[in-house]
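Q: I would like to see how this sequence folds:
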Amino acid sequence: MADRDRTGQTIALVGGAALTAWWLLSRGNGWGFRSPGDGKGQGQNADPTRSPGQCKVWIYPERLTVDGVAADLPTVVEACRAVGTAQVGATGDAITGVIHGVLRALQAAGIKLLLPPSLEWLARLERL
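A: Numbering: from 1, shown residues only. Next up, the predicted model:
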């Protein structure tokens, strides 16, 4: 029986493994070869989805948070009123009536809402 020459397969396998290892090691914070960030002087903890002129509100089934800190509804409204714009999100198990109440309170305070498509319909409802 003739021996098969598998040099091409071996080169492809070793080259693919080397490319994958380079790609994994050059990303992230751990063993990365590059510095974190985009090189424009931003800090590592900067939230890319949030601009400085907005507060971030999350609605959970058991609590509300504003900029990552648990708060009650009047505190959320006051914090967002000072900024003028609120980016609002909710977990999938949040109670619809609570979400609607938070959106109404923010709208009544004259705060501009930035909503994901999953909450836009709820903000347009007059009553539940």
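
Q: for the helix or strand hosting Ala86, packing partners?
A: Element membership of Ala86, judged by DSSP states H and E, is strand 85-90. Applying 3 or more C-beta pairs under 8 Å, 6 or more residues apart in numbering; DSSP states H and E, one finds that strand 85-90 contacts strand 55-59, helix 96-108, strand 112-114, helix 117-124. Just so you know, the C-beta spots here come from the backbone N, C-alpha and C atoms, and that holds for glycine as well.

Q: Tell me where the model's unsure across this structure.
A: Applying pLDDT under 70 to the chain flags residues 1-2, 27-52, 126-128.

Q: Repeat the analysis, applying 50 as the threshold.
A: Low-confidence segments of the chain (pLDDT under 50): 32, 37-48, 128.

Q: and the longest helix for it?
A: The residue-count maximum for a helix in the chain (DSSP state H) belongs to helix 7-25.

Q: Quick check: closest non-adjacent residue to Ala123.
A: Among residues not flanking Ala123 along the chain, Leu103 sits closest, at 4.9 Å (C-beta to C-beta, 6 or more residues apart in numbering).

Q: neighbours around the one you found, how many?
A: By other C-beta atoms under 10 Å, the residues close to Leu103 number 24.

Q: mind listing what it touches?
A: Applying C-beta atoms under 8 Å, 6 or more residues apart in numbering to Leu103 gives the contacts 88, 113, 115, 119, 122-123.

Q: just Thr91 next, same as before
A: With C-beta under 8 Å, 6+ apart, Thr91 has these contacts: 58-61.

Q: Looking at neighbours, which among those residues is most surrounded?
A: Neighbour max across those (other C-beta under 10 Å) = Ile59, 20 neighbours.

Q: Which residues does stretch 77-88 contact?
A: Contact with stretch 77-88 is made by 49-50, 53-59, 66-67, 71, 102-103, 105-106, 109-115, 119, as judged by C-beta under 8 Å, 6+ apart.
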